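S.K.: Need the 3D shape of this:
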Amino acid sequence: MLYLTYTLNILLLFAMPIALGIFLVRKFYLEGRWWWIGAVVYILSQIFLIPLENYLVNPFLNNLSFSGKLPSIEVLLFGGLVLGLCAGIFEELLRYSMFRWWTKDARSFESGLLLGTGSGGAASIFLAFLVIYNFVNMAMIRNQDLSTLVPADQVQILQAQLSAFWSAPWYATFREALGQLFMLSIEICLAVMVLQAFVRKQWYWVPLAIGFHTLVEAARVITVNLSNEVLMYTVQGFFAIISLLIILALRHPKAADSFSADASGQPIS
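M.R.: The predicted structure is shown next:
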């Protein structure tokens, strides 16, 4: 049973963003390349963001923790906000650059949905490959003598991980797909928010997107470090609902009219 559900989880990670992208392209006669552009922008943001976090931000936060300059809970909260702000600044400024210079013809509400789907899709597909790697490893070592694979002091840890993986309730095996469904909604919302800086010519939509992204990522970092998966997915689901409400609010007919009227790609005023 778990072989089936783990496989379905992986398939959903691939299928959700691809299926939504195909639907949007066919339903609204959009440029399919916008999905790919959104994906490339997400990948570029991670190329810059991951080294920054690994080699600068995380060592700084670890130093705070080990030095005792701040209590551990304050380090966690502060670290979540710092990492969230880094993600928000890098991803949303790149998204702004995308609309400003790369996709000047993407000024409709639907094009914002597609570009956000591409960004969320890249994250989902990247996670799918990580899940495949972990699943294959767990399947290969399931019936092996673990003492031949790792040092003696790590056998117990690996055995616990293996037991947890293969004794999980079937519904828990879909946690990555559920998380990425939430994140897909959030990525689409962020793309639509940044788009407002152009179609409404109101500069503050960019810092609003950065701020919302900061809150989402900070909450994820904090709940991950608390090792509480139920809380993590509950918080992600909350932000996904807020994202859907924002998307619906920005679908106002007057906004849609301005979308179709202004395709000049001029910078925000």
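S.K.: in this protein, which spans are helices?
M.R.: All helices of the chain, identified by DSSP state H, fall at 2-28, 33-52, 58-67, 72-97, 109-141, 155-166, 175-199, 205-225, 229-249, 253-261.
S.K.: What are the buried residues along the third one?
M.R.: Judged by neighbour count (16 or more other C-beta atoms under 10 Å), helix 58-67 contains these buried residues: 61, 64-65. (Glycine included, C-beta is placed from N, CA and C.)
S.K.: Put together CSV for the residues you listed, with distance to residue 87 and pLDDT on each row.
M.R.: Shown next, in CSV, are the buried residues of helix 58-67 (distance: C-beta to C-beta, whole Å; pLDDT from 0 to 100):
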residue, distance to residue 87, pLDDT
61, 14, 83
64, 19, 76
65, 20, 70
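S.K.: Between those, which sits nearest residue 131?
M.R.: residue 61 (27.0 Å; C-beta to C-beta).
S.K.: For the closest one, which non-adjacent residue is closest in space?
M.R.: residue 79 (4.3 Å; C-beta to C-beta, 6 or more residues apart in numbering).
S.K.: Now do the contacts for that neighbour.
M.R.: Taking C-beta atoms under 8 Å, 6 or more residues apart in numbering, we find residue 79 in contact with 57, 61, 64, 221.
S.K.: try 10 Å
M.R.: When contacts are counted by C-beta atoms under 10 Å, 6 or more residues apart in numbering, residue 79 is found next to 57-58, 60-62, 64-65, 70, 218, 221-222, 225.
S.K.: Report how many residues lie close to residue 97.
M.R.: Residue 97: 14 surrounding residues under other C-beta atoms under 10 Å.
S.K.: From what I see, it and residue 104 are in contact.
M.R.: No. Contact criterion C-beta atoms under 10 Å: residue 97 and residue 104 do not qualify, at 11.6 Å.
S.K.: Looking at the helices of the chain, which is nearest to residue 149?
M.R.: By C-beta to C-beta (comparing all of the helices of the chain), the closest turns out to be helix 109-141, at 6.2 Å.
S.K.: List phi and psi for residue 167.
M.R.: Torsion angles at residue 167 (phi, psi; degrees, to the nearest 10) stand at phi -120, psi 10.
S.K.: do residue 104 as well
M.R.: phi -70, psi -20.
S.K.: That one against residue 198, yeah?
M.R.: Yes. Contact status for residue 104 versus residue 198: in contact at 8.9 Å, counting by C-beta under 10 Å.
S.K.: Tell me which of those two has more neighbours.
M.R.: residue 198 (27 against 14).
S.K.: can you pull the contacts of the residue nearest to the more buried one when sequence neighbours are not counted?
M.R.: Nearest residue to residue 198 in three dimensions, chain neighbours excluded: residue 99, at 5.6 Å (C-beta to C-beta, 6+ apart). By C-beta under 10 Å, 6+ apart, the contact set of residue 99 is 37, 41, 106-107, 111-112, 115, 191, 194-195, 197-199, 206, 265, 267-268.
S.K.: Of those, just the buried ones, PyMOL syntax please.
M.R.: Listed next is the PyMOL selection for buried residues among these, using 16+ other C-beta under 10 Å:
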select buried, resi 37+41+106+107+111+112+115+191+194+195+197+198+199+206+268
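S.K.: Quick check: residue 98 vs residue 115, distance?
M.R.: Residue 98 sits 7 Å away from residue 115, going by C-beta to C-beta, to the nearest Å.
S.K.: got any residues that touch both of those two?
M.R.: 34, 37-38, 41, 106, 191, 194-195.
S.K.: Looking at the residues you listed, which is nearest residue 86?
M.R.: Residue 86 has its nearest neighbour among the shared contacts of residue 98 and residue 115 in residue 41, at 16.3 Å by C-beta to C-beta.
S.K.: about what we covered before: out of the helices of the chain, which gets the lowest mean score?
M.R.: Least confident of the helices of the chain, judged by mean pLDDT, is helix 253-261 with a mean of 45.
S.K.: what about residue 181, how many residues close to it?
M.R.: 19.
S.K.: Pull the contacting residues for the nearest residue to it once chain neighbours are set aside.
M.R.: Distances taken as C-beta to C-beta, 6+ apart place residue 16 nearest to residue 181, at 6.2 Å, with adjacent residues excluded. Going by C-beta under 10 Å, 6+ apart, residue 16 touches 117, 120-121, 124-125, 128, 177, 180-181, 184.
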